[in-house]
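Engineer: no sequence on this one, just coordinates:
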Ligand code: ADP
Ligand code: MG
């Protein structure tokens with residue numbers, strides 16, 4: 001406890017404190033991320049300033065040390081960073097320096113804060129998520145060492161007389177009753193690994209080793225002292241009486257011998273780490289994305305991939321890039337060889353890209369705004385520099401995130417496009433990820449064209465060739481016949497069914513290519529896809545499918561046929577009455593006598609079958 005004048009916090013800080021303390025936020029754990037990131041910022045400043053100011057002690061190792069003192073319920077975060085002077089303690093920790101925060105806080109409801117705290121972090125004040133009192137001891141190069149203490153309603157700043165005096169800052173959290181789990185070694189290790197493993201400075205976590213020691217029992221001591229005084233008084237009385245009588249008093253004759261020393265008790269304390277060996281170094285993996293792509297080898301990319309996935313196989317592809325400009329960031333993204341199990345049957349897959357700001361992990365879940373679902377199979381890291389993380393910058397942040405997300409999406413689509421140059425390799429991609437690309441096309445966002453270029457199908461042209469042979473829409477179009485106006489497709493349960501369908505007969509005979517759809521989603525996406533490069537998609541199981549443009553001769557032939565079969569048509573209509581809408585002469589058939597089709601806007605037979613099996 002320090003002496004000094006209690007100061008009120010700036011009104012905005014109070015509001016923020018109120019939100020923090022009353023938020024039942026489950027991610028209290030982010031306090032550690034925030035405090036470590038402040039320590040890293042302070043170390044950055046030393047590194048920067050020492051370039052121009054050689055007096056800034058280069059002899060002091062730039063580190064972050066974390067020590068949990070379980071018995072005392074304290075958590076210390078110690079850095080050898082730039083430190084804060086007396087006035088900086090007031091200015092930085094007594095008020096919110098970021099403009100706009102006040103405005104933002106006015107509109108913020110307690111309900112919102114639950115989600116916002118985790119994503120943005122409320123910086124230093126998040127310490128109060130887990131503490132009822134916080135002490136900051138700081139020494140900057142320009143001032144004496146000062147203490148800042150707060151119980152969250154007001155704060156005190158006072159000069160530290162006790163020392164030791166070392167440049168940097170020690171933040172000490174007096175952990176709340178409900179948060180003592182944050183003093184556990186394992187938990188701290190996990191949190192540091194999750195949020196701060198790519199920090200530029202070594203993070204040492206003090207190994208909590210408990211020891212039993214004997215200490216004076218403060219409670220019993222007073223009683224003991226009282227008894228001792230009483231005993232002495234008694235002895236003195238006896239002595240005085242004895243002197244008169246001429247006898248000597250044996251002090252040990254006293255019956256209630258209370259001992260020469262005050263009573264002791266055994267308590268458990270954490271032994272203090274004295275050397276670096278008492279600490280575990282928490283962040284040894286270097287963030288590969290922060291390096292220059294031209295200097296990183298394929299092996300390094302592969303082993304880094306292994307370090308953060310459980311994938312035994314090397315990735316199918318990866319891309320590493322740096323973006324300058326308004327929202328600078330770096331990214332390193334991998335396509336796993338196998339589609340991650342957990343996203344395959346998930347209609348709402350979560351992104352697996354870890355979003356970092358200055359190497360500090362923020363979240364994997366930035367929502368659809370950030371990353372399109374159709375690239376949710378990509379794993380990796382994105383690291384933004386100087387990204388506004390304060391609560392106040394909500395709108396800036398959202399639009400910035402969108403910029404980052406859009407760039408990432410384009411880069412991933414480029415990566416896949418490159419893969420597609422090698423049909424063998426692309427086949428491996430396609431068998432794992434076709435669903436995503438198709439869903440992307442169905443979604444129809446700004447990248448629809450790019451995605452459409454990645455689609456591959458079997459067709460009446462590719463079957464019978466290599467089993468891996470697939471066609472792109474572009475290749476299909478390049479093979480279209482002169483008089484062909486549409487892209488034909490047929491959707492069936494199997495390829496065999498497609499190629500033997502009566503509906504394909506004449507098209508195949510006249511060498512028109514038909515795309516064969518055997519994935520139920522294929523036909524489904526045609527509902528929104530409609531056309532590719534001005535060519536409409538034509539389902540040949542539906543009304544209105546024509547083969548090319550009929551020649552005059554053929555038109556006449558069909559007319560003749562209609563006349564010749566008029567009575568059969570009438571008869572069939574009569575017999576099938578409720579079952580069919582129309583019976584017509586078909587130009588699709590060659591050897592089969594008839595085929596059933598649906599109306600243009602109705603579900604095709606295959607589609608109906610898919611829906612029936614779904615609802616059943
Ligand atoms: P931010 O980090 O976004 O600026 P914080 O609330 O986390 O906001 O911290 C407020 C300010 O307090 C920082 O900008 C910094 O000036 C100061 N500060 C916090 N922790 C430290 C530290 N460990 N060493 C030096 N300065 C610190
Ligand atoms: Mg901060």
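Structural biologist: That came through, no problem. Everything quoted here is computed from the prediction, not taken from an experiment. Ligands and ions are numbered 1, 2, ... in the order given.

Engineer: Would you state the strands of the stretch 351-500 of the chain in chain order?
Structural biologist: Taking DSSP state E, counting those that start in this stretch to define them, one finds strands in the stretch 351-500 of the chain at 352-357, 360-363, 379-384, 458-459, 486-491.

Engineer: Check the gap between residue 568 and residue 585 for me.
Structural biologist: Distance, residue 568 to residue 585, using CB to CB, to the nearest Å: 10 Å. From N, CA and C alone the C-beta is placed, and that goes for glycine too.

Engineer: So these two - more neighbours on which side?
Structural biologist: For residue 568 and residue 585, the more surrounded residue by other CB atoms under 10 Å is residue 585, and the numbers stand at 17 against 11.

Engineer: what's that one sitting at in phi/psi?
Structural biologist: Main-chain dihedrals, residue 585, degrees, to the nearest 10: phi -70, psi 130.

Engineer: for residue 327, same thing?
Structural biologist: The phi/psi pair for residue 327 (degrees, to the nearest 10) is phi -120, psi 80.

Engineer: go on, residue 136?
Structural biologist: Torsion angles, degrees, to the nearest 10, at residue 136: phi -120, psi 130.

Engineer: Surely it is in contact with residue 173?
Structural biologist: No - between residue 136 and residue 173 there is no contact under CB atoms under 8 Å: 10.1 Å.

Engineer: neighbour count winner among those two?
Structural biologist: residue 173 (26 against 22).

Engineer: Next up, the contacts around that one.
Structural biologist: Applying CB atoms under 8 Å, 6 or more residues apart in numbering to residue 173 gives the contacts 31, 74, 75, 76, 77, 127, 130, 131, 133, 134.

Engineer: Assign it to helix, strand or coil.
Structural biologist: Using DSSP: H, G, I helix; E, B strand; the rest coil as the criterion, the local structure at residue 173 reads strand.

Engineer: Then residue 350?
Structural biologist: Secondary structure assignment for residue 350 (three-state DSSP): coil.

Engineer: so what's it closest to, chain neighbours aside?
Structural biologist: Residue nearest to residue 350 in three dimensions, not counting chain neighbours: residue 365, with 5.9 Å by CB to CB, 6 or more residues apart in numbering.

Engineer: Whatever residue of the stretch 151-300 of the chain ends up closest to ligand 2: neighbour count?
Structural biologist: Residue of the stretch 151-300 of the chain nearest ligand 2, by CB to the ion: residue 171 (11.4 Å). Neighbours of residue 171 under the rule other CB under 10 Å: 24.

Engineer: Likewise for the one 5 residues further on?
Structural biologist: Residue 176 has 17 neighbouring residues, counting by other CB under 10 Å.

Engineer: Please tell me the pLDDT value assigned to it.
Structural biologist: Listed pLDDT for residue 176 reads 95.

Engineer: For the residue in the stretch 201-350 of the chain that ligand 1 sits nearest to, list the residues it contacts.
Structural biologist: The minimum distance from the stretch 201-350 of the chain to ligand 1, using CB to the nearest ligand atom, falls at residue 201 (11.8 Å). Listed by CB under 8 Å, 6+ apart, the contact set of residue 201 reads 39, 40, 43, 62, 63, 64.

Engineer: got TSV for those residues, with pLDDT, neighbour count and secondary structure too?
Structural biologist: Formatted as TSV, the contacts of residue 201 follow (pLDDT from 0 to 100; neighbours: other CB atoms under 10 Å; DSSP: H, G, I helix; E, B strand; the rest coil):
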residue	pLDDT	neighbour count	secondary structure
39	95	28	helix
40	91	22	helix
43	92	21	helix
62	91	20	coil
63	93	19	coil
64	94	28	strand
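
Engineer: Could you point out the helix or strand that follows the helix or strand encompassing residue 204?
Structural biologist: Residue 204 is part of strand 203-206, with elements assigned from DSSP states H and E. Remark: after strand 203-206, the chain's next helix or strand is strand 210-216, criterion DSSP H and E.

Engineer: got any ranges where the stretch 351-500 of the chain has weak pLDDT?
Structural biologist: Applying pLDDT under 70 to the stretch 351-500 of the chain picks out residues 388-398.

Engineer: the helices in it, which residues?
Structural biologist: Applying DSSP state H, counting those that start in this stretch to the stretch 351-500 of the chain gives helices spanning 394-419, 423-443, 448-452, 473-478, 495-500.

Engineer: Up against ligand 2, what does the stretch 101-250 of the chain have?
Structural biologist: Contact residues, the stretch 101-250 of the chain versus ligand 2 (CB under 5 Å from the ion): residue 123.

Engineer: Sorry, slip of the keys, the one I care about is the chain.
Structural biologist: Counting by CB under 5 Å from the ion, the chain sits next to ligand 2 at 38, 123.

Engineer: Output the lowest mean pLDDT helix or strand found in the chain.
Structural biologist: None of the helices or strands of the chain scores lower by mean pLDDT, DSSP states H and E than helix 110-120, at a mean of 56.

Engineer: buried ones in stretch 326-334?
Structural biologist: By 16 or more other CB atoms under 10 Å, the buried positions in stretch 326-334 come out as 327, 329, 330, 331, 332, 333, 334.

Engineer: Parallel or antiparallel, list what pairs with the strand holding residue 204.
Structural biologist: Under the criterion DSSP bridges, strand 203-206 sits next to strand 64-69 (parallel), strand 279-281 (antiparallel) in its sheet.

Engineer: wouldn't residue 375 be in contact with residue 409 here?
Structural biologist: Yes - in this structure residue 375 lies within contact range of residue 409 using CB under 8 Å: 5.9 Å.

Engineer: Between the two, tell me which one has more neighbours.
Structural biologist: Neighbour count, other CB under 10 Å: between residue 375 and residue 409, residue 375 has more, with 27 against 21.

Engineer: Which neighbouring residues are in contact with the more buried one, exactly?
Structural biologist: Residues near residue 375 by CB under 8 Å, 6+ apart: 351, 408, 409, 412, 413, 436, 440.

Engineer: that older thread, tell me the confidence at the residue of the stretch 151-300 of the chain closest to ligand 2?
Structural biologist: 98.

Engineer: likewise residue 553?
Structural biologist: 82.

Engineer: same check, this time on the one 3 residues further on
Structural biologist: In the predicted model, residue 556 carries a pLDDT score of 87.

Engineer: What helix or strand is it located in?
Structural biologist: Applying DSSP H and E, one finds residue 556 within helix 552-564.

Engineer: outside of the next helix or strand after that helix, which residues touch it?
Structural biologist: Sequence order places helix 566-576 as the next helix or strand after helix 552-564, per DSSP H and E. Contact with helix 566-576 is made by 562, 580, 582, 583, 584, 585, as judged by CB under 8 Å, 6+ apart.

Engineer: Give me the angle between helix 566-576 and helix 552-564.
Structural biologist: Helix 566-576 runs at 60 degrees relative to helix 552-564, counting by axes from the mean of the first three to the mean of the last three CA atoms, to 10 degrees.

Engineer: any chance you could map the strands in the stretch 151-300 of the chain?
Structural biologist: Secondary structure of the stretch 151-300 of the chain, counting by DSSP E, counting those that start in this stretch: strands at 154-159, 168-175, 203-206, 210-216, 264-270, 279-281.
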